[in-house]
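S.K.: after the sequence you'll find the predicted model.
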Amino acid sequence: MLELWVLLFPLIAVIINGLFGKKYIKKKAHIFSVGAILLSLLCSLIIYVKVHNGYYANIIYYKWVIAEDIVIPFGILIDSLSSVMLIVVTFVGSMIHIYSIGYMSHDEGYHRFFTYLSIFTLSMLILVLGNNFLMLFVGWELVGLSSYLLIGFWFHKESASFAAKKAFITNRIGDFGFYIGVLLVIVTFKSLNYSDVFNNELILQAKSMVFYIFGLRVNLLEIMTLALFCGAMGKSAQFPLHVWLPDAMEGPTPVSALIHAATMVTAGVYMVARCNPLFSEAVFTSNFIVFIGAATALLGATIGLTQFDLKRILAYSTVSQLGYMIMATGAGAYIAGVFHLFTHAFFKGLLFLCSGAVMHAMQDHLDIREMGGLRKKMPITFWTYVIACIAIAGIPPFAGFFSKDEILAQTFASGHRFAWFVGLVVAFMTAFYMFRSLFVVFFGEPRDKHLYDHAHEAPKTMTIPLIVLAFMSIIVGALVGLPLENGYIHHFLNNVLVPENLSIHHLSMGLSTTLMMSSVVVALMGVALAYIYYMYRKDLPEKTAKAFSPIYKLFYNKWYFDEIYGNLIIQPLVYMSKGIWHYFDIGIIDFTVNAFGKSAVFCGNILKYLQTGKIQTYIFTMVVGSLILIIIFYTL
Amino acid sequence: MLLEHYLILSAVVFGIGMTGVLIQRNLILIFMSLELMLNAVNINLAAYSKYLSQISGQVFIIFIMSVAAAEAAVGLALIVSLYRNKQTINSDEFKILKW
């Protein structure tokens, strides 16, 4: 029953807030939503403890879809992976809920906001808890819907409604692939239940079914996993579908935190990890995933280096960290990927909540060039931000170090040396741009005197979540990640996720230590460089930008992705639609329909003269008609 | 007398009535021609009632006569009303219901 209550609490909050929020609850909407997620958190913690003691559940509540021999139940699967995801979603989620009480307190749509937050939580929980692909898909789509609602929360702002549409449509493209993947699963395995699908014999059978597409030899499993991965590319914002994530900044900041840290973007990583029996058999797909992950990590980091909008810096850092996770899953290090997802949720949630507090203090100004010296005005935000920066940069003993180190080491061990190198470069860039934002925002002299004078520390409802998340960002990595590469989380997850490439243990002690040292050194170098650039020699950033002007422009304009998509895809589509509208719709369809109408009017205009208004004409017509009928009747 | 004789009489009366309805312009005369047509039908019904030895035909005659009486009352009232409007009962004057 406990498992179901995790879902029911947010559902109840959605129903109550959705039905009565506008008229009766209004500014008290947080009671239900926050209460619901805290209760869900409690249930999740109990479930976690039970799972820790060896509990496993695959509960079927009822048969949802019955189509001949295919039966898809409404069921819940509790194992170590879903319990970890539950903790992430409900813990970080509840911190964000609490934070929203303070952050949204002056907003008109207070009740609406909390209703949407609960829908978001609910959909993510459905996605995580389902025991079959259909429930995963339902959660998947619901998450897309609720992200649309939340990104477009301030729908009167044109940019927000555009961003919401962009997120929704970009996700649809990925979801289309995911949908095909699910259909292939149902065709191949005649079932959608995880327990039926993850069957080694059937997977090997699927692997042996070979097709030739355009002369390329591919097997069914590769196609299936590639299609499924398409969905992950959309949801987890992987290159080339990453464009929606930075624009999702248009929503309120707690939403950004929720999308980037606890929910939504982790869905893709979760799905790949959940389907690891499929993915680990598909060699081509795995290599493809590593490539996409590394490309995304590099792309996100390079753009993050040059942005001036605080939330955009964080958004691109999310893109880049997601690239890490996806890269890890592709390299077979599923546990490391999930581990990074776990730690990332805490410090990325923290970073976004800090940026929200800064935004609050700066009257919604987000350009880091207008900030500066906020350290003295907002001590709590400052210190928590420092912790988050250290964590994301991967400096021990904070959370990010453990997971990032594992990803790098295992990518190296699995033989993807180039991806490892890219990862190392990205780690350097991550440290650099995170500390760049830290130094520019919180140190130095205030750049805008007026804004600085009005800045103030955030209220308690906002700072408490910051402190809790900061605390977690410090300890959570060491707590579950020690000893390195063989920590608690490995023992916890290895019954669900295939034990990653054991080659890690073949690496000599010296080599693995060197790998670890290299990632730490690289991170410290990033920090040092950021210090030199933004604290010591403040003329250097501009000089560097001038010296490498073409590259700087490329990065600053986000590799021109929006422009490329706009010119290559959107504009042709618009022109094509306009052409079809003018020539086919108006020229053919409208013309035909109008012609029918006009011919009726034309005939009516001629025949109307038969209606003379004289009774005797009518009677005469009737008599003649009857006579004709009689003649016809009697002569035939 | 044979059935045919009655039928021919009925047909002739009906034809006279119909011709009157078609060619007359005076509403009263049209009205009278209509009554003539009704009575032609009555003759027909009476003849068949006798010929087939069935009473139902004569029952119909009673109905038709009573309906005709009612109709005459309504029709004459209408004609009076029309006359009050236009000071004429020429049917050609009442052709406003047209395109």
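M.R.: Yep, that arrived.
S.K.: per-residue pLDDT, whatever residue of the stretch 351-500 of chain A ends up closest to chain B?
M.R.: Per Cβ to the nearest Cβ, residue A:364 is where the stretch 351-500 of chain A lies closest to chain B, at 68.2 Å. C-betas here are computed from N, CA, C, even on glycine. pLDDT for residue A:364: 76.
S.K.: so where does it fall, helix or strand?
M.R.: For residue A:364, there is no helix or strand it lies in under DSSP states H and E.
S.K.: where do the helices sit along chain B?
M.R.: With DSSP state H, the ranges of helices along chain B come out as B:3-23, B:27-52, B:56-86.
S.K.: out of those helices, deepest packed?
M.R.: Most buried of these, by mean neighbour count (mean count of other Cβ atoms under 10 Å in any protein chain shown): helix B:27-52, with a mean of 17.
S.K.: for it, packing partners?
M.R.: Helix B:27-52 is packed against helix B:3-23, helix B:56-86, with contacts defined by 3 or more Cβ pairs under 8 Å, 6 or more residues apart in numbering or on different chains; DSSP states H and E.
S.K.: distance from that helix to the middle of the chain?
M.R.: Offset of helix B:27-52 from its chain centre (Cα atoms, centre = their mean, to the nearest Å): 7 Å.
S.K.: for chain B, what is the nearest residue in chain A?
M.R.: For chain A, Cβ to the nearest Cβ, closest residue to chain B: residue A:613, 3.1 Å.
S.K.: out of the helices and strands packed on helix B:27-52, which is closest to chain A?
M.R.: Of the helices and strands packed on helix B:27-52, nearest to chain A by Cβ to the nearest Cβ is helix B:3-23, at 5.7 Å.
S.K.: what comes into contact with stretch A:461-479?
M.R.: With Cβ atoms under 8 Å, 6 or more residues apart in numbering or on different chains as the test, stretch A:461-479 has contacts from A:91-92, A:95-96, A:98-99, A:101-103, A:342-343, A:346-347, A:349-350, A:353-354, A:356-357, A:360, A:380-381, A:383-384, A:387-388, A:391, A:397-403, A:457-458, A:488.
S.K.: in that stretch, what counts as buried?
M.R.: A:461-466, A:468-470, A:472-474, A:476-477 (16 or more other Cβ atoms under 10 Å in any protein chain shown).
S.K.: and stretch A:388-399, by the same measure?
M.R.: A:388-396, A:398-399.
S.K.: residues from the stretch 501-636 of chain A in reach of chain B?
M.R.: Residues of the stretch 501-636 of chain A lying close to chain B (Cβ under 8 Å from any Cβ of the partner chain) are A:608-609, A:611-616, A:619-620, A:623.
S.K.: what segments of the stretch 251-400 of chain A are strands?
M.R.: In order along the chain, the stretch 251-400 of chain A carries no strands (DSSP state E, counting those that start in this stretch).
S.K.: on that earlier part again, so the residue of chain A closest to chain B, which of the three states?
M.R.: With DSSP: H, G, I helix; E, B strand; the rest coil as the basis, residue A:613 sits in coil.
S.K.: residues contacting it?
M.R.: Contacts of residue A:613 (Cβ under 8 Å, 6+ apart): B:94-98.
S.K.: and for residue A:402?
M.R.: Taking Cβ under 8 Å, 6+ apart as the test, what residue A:402 contacts is A:339, A:343, A:396, A:477-478, A:480-482, A:484, A:487.
S.K.: for it, report the pLDDT, please.
M.R.: pLDDT, residue A:402: 84.
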